[in-house]
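> need a structure here:
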Amino acid sequence: MKRYVSLEEISDGKLYKADDMVKADCLGCKDCSRCCHEMGDTILLDPYDIWRFQKGLGKDAQTLLAEGKIALRVVDGVIVPHIKMTPLSQGDEKCPFLDENGWCTVHAHRPGLCRLFPLGRYYEGEGFSYFLQKSECTHPKAKVKVSKWLDVPELQKYEAYVLTWHQIQKQAESLQQENTDEAFGRNLNMFLLKTFFLTPYEADAEFYPQFEARLSAYRSIVN
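Modelled structure (predicted):
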């Protein structure tokens with residue numbers, strides 16, 4: 001999701017790589033679940049998140065949609081799923097996976113944006129770096145290596161995948177801007193949604209080969 005602000009406005013002004021130390025460790029988030037409340041439709045999901053949910057919960061995207069745990073929205077011209085907040089009293093809302101004590105019930109297979117927070121990604125050229133969001137989390141923090149904080153197996157593969165998915169979304173947005181036919185944009189969006197999200201993954205099989213197969217199908221229609 002594009003953010004039309006300068007890096008200096010939202011960060012400590014530094015860029016980090018996976019092996020760098022950054023003051024992002026929230027020390028177990030003791031007595032705090034602020035980042036799991038009132039997030040609206042901003043916790044966007046990618047295909048890896050959907051596979052991880054299917055592996056951890058035994059539920060595919062269509063089941064999570066039917067249960068009201070996730071919903072769909074358009075981001076930069078592309079339809080993507082997001083965590084659907086549960087309304088509470090007095091206008092508050094919380095993540096549907098948060099229990100009554102403020103603990104995440106899906107922590108082991110939580111989405112990538114949750115793993116990333118309070119870090120963000122800064123895309124530049126053919127790659128990206130990480131940055132520390134300076135005002136999004138007020139909980140006391142300690143220094144931690146970025147790779148440890150992300151807690152993602154095979155981080156190099158994951159980072160390559162994240163970049164590829166980012167490029168797919170950018171390309172889809174550009175294709176729609178170049179082609180003013182509404183049917184083209186609608187068909188492209190439905191193809192992306194069905195191919196990368198709604199078609200169930202094999203939960204017991206490795207994610208990346210499945211993603212590559214779907215990526216090949218996408219490239220066959222746009223190239």
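> how near is residue 161 to residue 44?
Counting by CB to CB, to the nearest Å, the gap from residue 161 to residue 44 is 15 Å. Any C-beta I mention is one placed from the backbone N, CA and C, and that applies to glycine too.
> out of those two, which sits in the busier spot?
For residue 161 and residue 44, the more surrounded residue by other CB atoms under 10 Å is residue 161, and the numbers stand at 21 against 16.
> I'd like the secondary structure assignment at the more buried one, please.
The local conformation at residue 161, judged by DSSP: H, G, I helix; E, B strand; the rest coil, is helix.
> Show me where this protein has its strands.
21-25, 70-75, 78-83, 86-87, 93-94, 119-124, 127-132, 142-145 (DSSP state E).
> which of the ones you listed is buried the deepest?
Among the strands of the chain, ranked by average contacts under mean count of other CB atoms under 10 Å, first place goes to strand 78-83 (a mean of 22).
> Pull the residues that contact that one.
Contacts with strand 78-83, where a contact means CB atoms under 8 Å, 6 or more residues apart in numbering, come from 39, 41-46, 50, 61, 64-65, 69-74, 95-97, 111, 169, 172-173, 189-190, 192-193, 197.
> Select only the buried ones of those residues in PyMOL?
With 16 or more other CB atoms under 10 Å as the criterion, this PyMOL line picks the buried residues out of these:
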select buried, resi 39+43+44+45+46+50+61+64+65+69+70+72+95+96+97+111+169+172+173+189+192+193+197
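> From residue 179, how far out is residue 121?
28 Å.
> in the protein, which helix or strand is least confident?
One helix or strand of the chain scores below all others by mean pLDDT, DSSP states H and E: helix 7-10, with a mean of 73.
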